[in-house]
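Student: Quick one: sequence and predicted model below, then my questions.
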Amino acid sequence: MQLFPFLDIFAAISLAPFLVNAPLRYMVLVGIVATYLTVMPFIMRRLAKPFMIKTGWLYVLFVSLVGFFAYSHFNEIKYVDRHGERFAQSDYFVIHSQYKRYRWVADSEFVKHFGKVPTMIPIDIDNASSYFGNSDKKLLIVAESWGVARHDSTQKDILAGIYNQTDRLEFIKDGYFDFAGATVEGELRELCLLDVEGGYAFNKVANKEFDNCLPNQLKRMGYHTIGMHGGFSQIYERDFLYPKMGFAETVFAEHHGDKKRCEAFNGICDNELFDIVAESFATHDKNFFYWLTLTSHSHYPRGDIINHRLDCNKHNLPKGDICNNFMLHAQFFDGLGELIKRPEMAGVEVIVVGDHMPPLMMREPIHSHIHWQRVSWLHFKVKA
């Protein structure tokens with residue numbers, strides 16, 4: 001019997017909103033684990049009855065000695081020889097300690113963060129939102145899991161929906177910079193130039209910690225500020241975080257039950273939200289619109305890909321996570337390209353930037369297709 005390396009109770013409570021709105025695959029896996037943990041003790045008790053005799057301790061001793069010998073002599077043998085960490089794929093041992101694995105998970109910084117009050121730390125690193133000019137209409141999009149394609153031709157093909165419209169734009173630039181962190185850390189990088197340490201309980205953080213965030217600054221300058229995410233507001237406590245950062249208006253999945261859902265946390269599909277962006281810019285003369293996308297979240301389900309323009313075979317991309325991730329981003333930028341054709345978007349300055357590189361759960365080598373721990377950015381302005 002293996003031990004399921006579960007989290008501590010506080011982390012489990014904080015992660016509950018993720019599970020309730022998680023993709024079906026995650027729910028099924030949690031259901032299987034819960035069933036296993038419930039049923040297995042009874043099965044083991046039933047199977048052990050024939051051995052519950054006076055000599056039963058000999059069997060226990062024999063199994064314990066064999067296990068101790070195997071672990072002490074073979075615990076460093078791996079069935080796959082890989083160096084470094086990969087998302088959810090860092091343990092390739094043939095024989096290893098489940099207790100050590102549990103402690104590794106339970107003691108990881110990510111898990112500890114969910115039960116503790118964070119410390120907000122000012123940072124001086126690259127971020128894309130600093131490229132904004134003095135436009136009255138600003139659209140900042142943090143694109144979920146948008147990394148940097150290794151080959152320029154692939155990157156340009158992903159962005160073709162925008163680059164094919166340069167006649168509509170005052171300017172267009174793109175680039176990338178290094179970054180590693182969770183999605184909320186990517187948001188704090190762009191919106192506040194802050195890092196978070198020690199926790200994610202944002203509801204317990206004083207409002208003054210976020211006074212210098214970009215939405216608060218722009219709100220003091222007379223901008224209407226709106227923050228949108230296709231997921232549910234409880235995840236990462238965004239229902240507390242967004243108002244603290246300065247958003248006067250917020251849009252989350254629970255506000256639009258009529259819109260089509262995609263697999264990522266049962267959130268609203270990104271292509272369902274373009275109308276909300278256009279309506280906001282049509283309504284407000286000075287407007288800062290922030291959008292954290294969702295549909296391109298791991299595990300990049302093919303069922304959410306409705307635009308197949310990007311040809312993975314043309315770019316020699318392996319099937320699976322990398323191909324699907326790139327296709328989802330090409331799909332989004334094609335949709336964004338359609339959005340900027342609308343008259344409501346005239347004069348809008350747009351920045352799109354990745355939150356972090358995409359987590360990739362695949363056995364094939366990835367470095368020949370994507371840069372490690374880098375995020376892309378795109379900056380352009382629609383002609384007035």
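Tutor: It's in.

Student: helices or strands up against the helix or strand containing residue 142?
Tutor: Using DSSP states H and E, residue 142 maps to strand 137-143. Strand 137-143 sits against helix 183-192, helix 274-283, strand 287-292, helix 321-339, strand 349-354, with contacts defined as 3 or more Cβ pairs under 8 Å, 6 or more residues apart in numbering; DSSP states H and E. From N, CA and C alone the C-beta is placed, and that goes for glycine too.

Student: Measure how far the longest one is from the centre of its chain, please.
Tutor: From the chain centre to the centre of helix 321-339 is a distance of 16 Å (Cα atoms, centre = their mean, to the nearest Å).

Student: again with the last one
Tutor: Between the centre of strand 349-354 and the centre of its host chain there is 17 Å, according to Cα atoms, centre = their mean.

Student: So which residues make contact with that strand?
Tutor: When contacts are defined by Cβ atoms under 8 Å, 6 or more residues apart in numbering, strand 349-354 is touched by residues 127-129, 131-133, 135, 137-143, 145-148, 179, 186, 190, 333, 336, 340, 375-382.

Student: Report the buried members of these.
Tutor: Buried residues within these, defined by neighbour count using 16 or more other Cβ atoms under 10 Å: 127-129, 132, 135, 137-143, 145-148, 179, 186, 190, 333, 336, 340, 375-382.

Student: Quick one, which of the helices and strands packed on strand 137-143 gets closest to residue 219.
Tutor: strand 287-292 (8.0 Å; Cβ to Cβ).

Student: Render the CA-only coordinates of that closest one in CSV, please.
Tutor: What follows is strand 287-292, C-alpha atoms only, in CSV (Å, rounded to 0.1, in the frame of the first residue of the first chain):
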residue,chain,number,x,y,z
ASN,A,287,-10.5,53.0,-18.9
PHE,A,288,-8.0,50.5,-17.5
PHE,A,289,-9.1,46.9,-18.3
TYR,A,290,-7.2,44.0,-16.8
TRP,A,291,-7.9,40.4,-18.0
LEU,A,292,-6.3,37.3,-16.7
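
Student: Residues contacting that strand, please?
Tutor: 136-142, 144, 183, 187, 191, 214-215, 218-219, 223-229, 231, 247, 273, 277, 280-281, 355.

Student: What strands flank it, and is each parallel or antiparallel?
Tutor: According to DSSP bridges, strand 287-292 forms sheet pairs with strand 137-143 (parallel), strand 224-229 (parallel).

Student: if I pick residue 345, what's in contact with it?
Tutor: 278, 281, 339, 382.

Student: Just give the nearest non-adjacent residue to the third one, would you?
Tutor: For residue 339, the nearest residue in space outside its immediate sequence neighbours is residue 274; the separation is 4.7 Å by Cβ to Cβ, 6 or more residues apart in numbering.

Student: now the first one
Tutor: Nearest residue to residue 278, sequence neighbours excluded (Cβ to Cβ, 6+ apart): residue 344, at 4.4 Å.

Student: correct me, but residue 335 touches residue 271?
Tutor: Yes - under the criterion of Cβ atoms under 8 Å, residue 335 makes contact with residue 271 at 5.0 Å.

Student: for the stretch 1-150 of the chain, what are the low-confidence residue spans?
Tutor: Along the stretch 1-150 of the chain, segments meeting pLDDT under 70 span 1-26, 50-57, 71, 73-76, 78-115.

Student: okay if I get the strands paired with strand 287-292 as a markdown table plus distance to residue 237?
Tutor: A markdown table is the format used below for those (distance: least, Cβ to Cβ, whole Å):
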| stretch | distance to residue 237 |
| --- | --- |
| strand 137-143 | 17 |
| strand 224-229 | 12 |
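
Student: For residue 153, give its distance to residue 311.
Tutor: Between residue 153 and residue 311 the distance is 11 Å, computed by Cβ to Cβ, to the nearest Å.

Student: Over to residue 284?
Tutor: The gap separating residue 284 from residue 311 is 39 Å, by Cβ to Cβ.
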